[in-house]
Every structure is written in C-alpha cells, then in structure tokens.
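Novice: need coordinates for the below:
(chains A, B and C)
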Amino acid sequence: MSETAIRFREDLMTWAKGEIREYPWRAPDASLYEVFVAEFFLTQTPADNVADVYPEFLDEFDSLATIDESHEDELVAAIEPLGFHNMRAEALKRIATNHDELPTEPERLRSLPRVGPYVANATLCFALKRRIPIVDRNVVRVYERVFGDAFPQSDSAREAFAEEMLPATGEEARTYNLALLDFGALVCHKRSPDCPVCFASGYCEYAVGLAEDQ
DNA sequence: AAATCGGGGTA
DNA sequence: TACCCAGATTT
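Specialist: Numbering: from 1, shown residues only, chains lettered A, B, ... in the order given. Here you go, the predicted structure:
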C-alpha cells in the first residue's frame, strides 16, 4: 500500500471525528433490518428525503414479518415520496414473503431482489460492523481523484483496492466507510470539489494537477 | 465487461 | 423533450 494511501486513510479517519453526519440509521444500535431499509432506500435518493419518511416507515413496518402481512399498496404509499416506489415496494414484498430474517452473508444478501453489491456491503458493514468495503459512485470518484491511475478500472479490482484501504477493525472500517461517503458528498463533490478546504489537497492527484495548471 | 433497465433530475 | 445518472440486472 502506498504512502499516499496510508496518509489518506489517516486523514479521513481524523476528518471523520468532526464531520461525519448523523442519521437515525447510523445510530450504533440500529438493527440489521433498520440499516437495511435505509440503505435500500438510499440508492438514487438523497439522504434528507429518506430521513423524511424513515421514522414513519419503521413505525408502520417494524419487521419483514409485518411487511409480509401488509398489502403492497400500503408499502407503496409509505415510500411514495422517495420515488421508485413501485419497484422498491415489489422487491421488499418479495423479500418479506421469502425470508423471516435477513441473511448476514454478503452473497446471500446480494441475492435478494434489488439488492446489489452496494446495498449488501453497506448494510453488513454499518449494521454488523463487518470489515467490508463499499464502492459506490462517491467512492469511485474520490479514489479516482486522489489516486489517479493507481485506482483500477474493473469492479473486482476496485473492491480489492477498497478493501485494502480499510482500517484493521470492523468498528474502524464502519467509521471509515461512513466518512468516505460523507467526504464524497460534502467535500469531493462531483463537480467543483472543495479542494482549497480539503485535507488531501497536498497529495491528491486531482488537486495537485489543478495547482500545477495554475 | 458491457449493455440494458426504470425512473427521477436537469438542461 | 432529450439527455444524464446510480445502482441493479441481464447478457
């Protein structure tokens, strides 16, 4: 692992202490089900929108069993403001009819409808504090900027890279992954990242390149 | 690995 | 209206 990688990890962990965002589903004691529901909703949906419906949703649907007993229309109504409600309601219903409990193995979780690598890994890392990497568009953007060509192209190599970046323990990996998402959302924006304010601007390939262009 | 999908956001 | 986008799914 490169010096830059080690430094980025340390800097991000330091940044995490002050800047990490608080959401209900990020509570340390949030259950597997609660975290799963959140991650399931958070794809392609702003966190603040999810926050608006999340408490009420958990109130009405406190378990897979409850979803199983309810009608899909109620499910649709509860998540309507989020968009993708039909797709998501159908998938949740299908999950609830086939499972009493959520699987805790990444591959098994990933086999559920509309649950891909991101949702599965994020759920297990955040809920069970497993040392598992997460790779979404934010993560790809951040690593591409900071590490340039050293960040690989293929999904499998990216997952391996992200895994190497994780700190030693599951607890730390959870903090690191949360910080990585927030860093991508709050500092390393898709367009016009806040390089002047960023802890990595001294060694990030993108920021250094910008400085050289001046 | 690349193409496709469904649907929300944006120019 | 047309295009873009993120993640999942399909080929």
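
Novice: only C-alpha atoms for contact and neighbour calcs from this point on.
Specialist: OK.

Novice: all helices of chain A, in order?
Specialist: Taking DSSP state H as the test, the helices found in chain A are A:3-19, A:32-42, A:47-60, A:64-69, A:72-79, A:85-98, A:106-110, A:117-128, A:137-147, A:155-165, A:170-186, A:205-213.

Novice: for residue A:126, which non-adjacent residue is spatially closest?
Specialist: Distances taken as CA to CA, 6 or more residues apart in numbering put residue A:174 closest to residue A:126, at 5.7 Å, once the chain neighbours are dropped.

Novice: that neighbour and residue A:129 touch, don't they?
Specialist: Yes - using CA atoms under 8 Å, residue A:174 is in contact with residue A:129, at 5.8 Å.

Novice: same drill for those two, tell me which one is more crowded.
Specialist: Taking neighbours as other CA atoms under 10 Å, residue A:174 and residue A:129 compare with residue A:174 leading, 25 against 18.

Novice: burial count for residue A:93?
Specialist: By other CA under 10 Å, neighbour count at residue A:93 equals 20.

Novice: DNA strand B contacts on chain A?
Specialist: Residues of chain A lying close to DNA strand B (CA under 7 Å from any atom of the strand) are A:82, A:83, A:84, A:85, A:86, A:87, A:153, A:154, A:155, A:156.

Novice: list the contacts for the fourth one?
Specialist: It refers to residue A:85. A:76, A:79 (CA atoms under 8 Å, 6 or more residues apart in numbering).

Novice: residue ranges with poor pLDDT in chain A?
Specialist: Scanning chain A for pLDDT under 70 picks out nothing.

Novice: in it, which residue is closest to the centre?
Specialist: Per CA atoms, centre = their mean, the C-alpha nearest to the average position across chain A is that of residue A:122, at 5.0 Å.

Novice: ok, the residue nearest to that one when sequence neighbours are not counted to residue A:144 distance?
Specialist: What sits nearest to residue A:122 in space, not counting adjacent residues and going by CA to CA, 6+ apart, is residue A:134, at 6.0 Å. Separation of residue A:134 from residue A:144 (CA to CA, to the nearest Å) stands at 15 Å.

Novice: which of the two has more residues huddled nearby?
Specialist: The residue with more neighbours, out of residue A:134 and residue A:144, is residue A:134; 25 against 18, by other CA under 10 Å.

Novice: how much space between residue A:145 and residue A:151?
Specialist: For residue A:145, the distance to residue A:151 - CA to CA - is 9 Å.

Novice: so residue A:45 touches residue A:82, yeah?
Specialist: Yes - the criterion here is CA under 8 Å, and residue A:45 meets it with residue A:82 at 6.7 Å.

Novice: the more surrounded of the two?
Specialist: Neighbours per residue (other CA under 10 Å) separate residue A:45 from residue A:82, with residue A:82 holding more: 18 against 14.
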